[in-house]
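[1] predicted structure and sequence below. I'll ask about it afterward.
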Amino acid sequence: MIIRYITFLLLLSTSVSLYAIETLHVVGMFPGKVVVAIDGNTHVIRQGSEKQGVRYIRSQGDDVVLKVNGVESVYKMGAPVSLNFQKRLVKKKTIYADNRGMFNTIGSINGYPIRFLVDTGATTIAMSSHQAKKLNIQYRLEGRQTTARTASGIAKAYLVKLKTVKVGDIAQLNVDGLVIDGAFPQQVLLGMSFLNRLKVEKIGDTMLLETR
């Protein structure tokens, strides 16, 4: 009798499975069913049914009541929800001013090493066409032509998307950049298209970059 009871408990425990869901996104609602994206994969769930650990309970206006791994919650239509509760990893980079008071640092663009001059007055990451060629940036083919105001006047320029920009351990994808025809600026400017995604703190001759 005891053996049979233990076997029953084992079978019961193995019948309950928890799904490691990272993100859940309600993308559509229809009478009697809901369309959800679970970790990027779309599923249609009928009311009272369950898929991948998600059960559709009912609708409340534009809200949907779902039971995820046994926990019932209200989900907003069109709002992705992260179910990953891992502690956010904060990445920092400290930059020290040189004897001219300028903040220089080594980083990379699209995997190519480069020396940056931090410039909070620059709207984007800006570079000369000479530097862009060294970084293998196809600005004439992939960029959008515009103009830029330089010390010498108005110059032809190209708006581009930089696939990866990295400073220390801080890496960003799809960062706006500006390529200016000619030899100026002589150094790549690390502008606000990179910096505005970070917490930037300047104390004396020290600048701290920190992920939000």
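    Sure thing, it's come through.
[2] can we go C-alpha only for contacts and neighbour counts from here?
    Fine.
[3] and the contacts of the one helix or strand L189 maps to?
    According to DSSP states H and E, L189 maps onto strand 188-190. Where contact means Cα atoms under 8 Å, 6 or more residues apart in numbering, the residues beyond strand 188-190 that reach it are 114-120, 122, 124-128, 131.
[4] C-terminal to it, what's the next element?
    Defined by DSSP H and E, the subsequent element after strand 188-190 is helix 192-195.
[5] which helices and strands does that following helix pack with?
    Applying 3 or more Cα pairs under 8 Å, 6 or more residues apart in numbering; DSSP states H and E, we find helix 192-195 packed against strand 125-128, strand 170-180.
[6] pick the most buried one from the ones you listed.
    For these, the largest average neighbour count (mean count of other Cα atoms under 10 Å) is found in strand 125-128, namely a mean of 25.
[7] what is that strand packed up against?
    If contacts are counted by 3+ Cα pairs under 8 Å, 6+ apart, strand 125-128 sits against strand 170-180, strand 188-190, helix 192-195.
[8] where does the prediction get shaky in this protein?
    1-20, 79-88 (pLDDT under 70).
[9] in it, mark out all the helices, start to finish.
    For the chain, the helices defined by DSSP state H cover 2-15, 129-134, 139-142, 192-195.
[10] quick one, what contacts I45?
    K33, V34, V35, V36, K51, R55, Y56.
[11] wait, which of these is closest to V167?
    V167 lies nearest to V36 out of these, by Cα to Cα, at 37.1 Å.
[12] my read: the closest one touches V26, true?
    Yes - counting by Cα atoms under 8 Å, V36 touches V26, with 4.4 Å between them.
[13] quick check: longest strand of this structure.
    strand 153-167 (DSSP state E).
[14] strand partners of that one, parallel vs antiparallel please.
    The pairing partners recorded for strand 153-167 under DSSP bridges are strand 104-109 (antiparallel), strand 144-150 (antiparallel), strand 170-180 (antiparallel).
[15] break the protein into its domains for me.
    2-82, 92-211 (automatic domain parsing).
[16] much appreciated, bye for now.
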